[in-house]
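> Quick one, what's the 3D model for this:
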Amino acid sequence: MELSKRLNAVAAMVTSGNVVCDVGCDHGYVSIFLIKTKKCPRVYALDVREGPLERAREHIEAYACTDYIELKLSDGLSAMPAGAADTLVCAGMGGRLVMKILSDSIEKVRAMKELILQPQSEIGLVRRFIRQEGFVLAEEDMVEEDGKYYPVMRIVVPSTRDIVRQQPAVRTADKEGEETCRAEGLRMPEEKQAVLDAYGPVLLAGRHPVLKEYLVRQEALLGQIQRRLEESGGNGEQTKQRKRELEEEKKQVKAALAYYEEPFG
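Numbers count the residues shown, from 1 in each chain. Model prediction:
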């Protein structure tokens, strides 16, 4: 079977041989793909609603995967015993829901080896949550599909740092980093970290081409919104606040684009 670009990016992040827990499995296609390609020996497919589970059941039966995929009606990870899975997949849901699922079962999450996350919104908050929990952002990818942009990340828990795959070094708050921040007009380290959280430290360090495409489009979109606000002639406090927000977001986008103007190494 073939997956969409978005779901294929999710499946590609999963470590071969791992037992997977797919939370919010919906139609079950990622779970089925992992079994049919022999990438994983077993998958637990979870959803909080009966409807999606029934659709997943039909697809799992159609692809003869019933012996390898176990369906569970579950609010987040509530129905999963600790240590039953190596990989947690959370894809296609809002960022706040992703964080809630993780925080509600944080000890079960810490018993896993890796998390594959593809939040649909508030992605910067998810990255900050991961960082503050002490997890390791090991890999990132980004794909464009039907005019929408989808980042996907692979997170490794601290107890398994030894399996983190080698990635380009991300600049930190050292002397060189401080000079870069000054050139980008950012304070160090808060504003720098906000940019990394918003757009992805691994994506930026690797100058990911799809991220650059997104940033260029976002810069143009923010400029259009700013011009419309100016043309509207509004001068109320709400309009002023919106202008400040747009200016701050545009500043972050420019700071992220600065990564692509620097030579590698």
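> where does this structure have its least confident helix or strand?
The weakest-scoring helix or strand in the chain, judged by mean pLDDT, DSSP states H and E, is helix 175-184 (a mean of 51).
> right, and residue 116 touches residue 92 too?
No. Here residue 116 does not reach residue 92: they are 11.7 Å apart, not a contact under C-beta atoms under 8 Å. All C-beta atoms are positioned from the backbone trio N, CA, C, and that covers glycine.
> Neighbour count for these two, which is higher?
Ranked by neighbour count (other C-beta atoms under 10 Å), residue 116 and residue 92 place residue 116 first, with 25 against 17.
> wait, what's in contact with the more buried one?
Shown in contact with residue 116 (C-beta atoms under 8 Å, 6 or more residues apart in numbering): 10, 13, 14, 87, 88, 89, 90, 91, 152, 153, 154, 155.
> can you pick the most crowded of these?
Of the contacts of residue 116, residue 89 is surrounded by the most neighbours, 30 neighbours in total, counting by other C-beta under 10 Å.
> Check for me that it belongs to a helix.
No. Using DSSP: H, G, I helix; E, B strand; the rest coil, the assignment for residue 89 is strand, not a helix.
> need the contact list for it.
Listed by C-beta under 8 Å, 6+ apart, the contact set of residue 89 reads 10, 14, 20, 21, 22, 23, 30, 115, 116.
> and these, which of them are in helices?
Secondary structure assignment by DSSP state H places 10, 30 of the contacts of residue 89 in helices.
> Show only the entries of the contacts of residue 89 found in strands.
Among the contacts of residue 89, the members falling in strands (DSSP state E) are 20, 21, 22, 23, 115, 116.
> ok, those vs residue 38, which is closest?
Distance to residue 38 across those (C-beta to C-beta) is lowest for residue 20, with 12.9 Å.
> And the closest one, how close does it get to residue 11?
Noted for residue 20: a distance of 9 Å to residue 11, by C-beta to C-beta, to the nearest Å.
> joint contacts of the two?
Taking C-beta under 8 Å, 6+ apart as the criterion, residue 20 and residue 11 both touch residue 34.
> neighbour count winner among these two?
A count of neighbours by other C-beta under 10 Å puts residue 20 above the other of residue 20 and residue 11, at 27 against 21.
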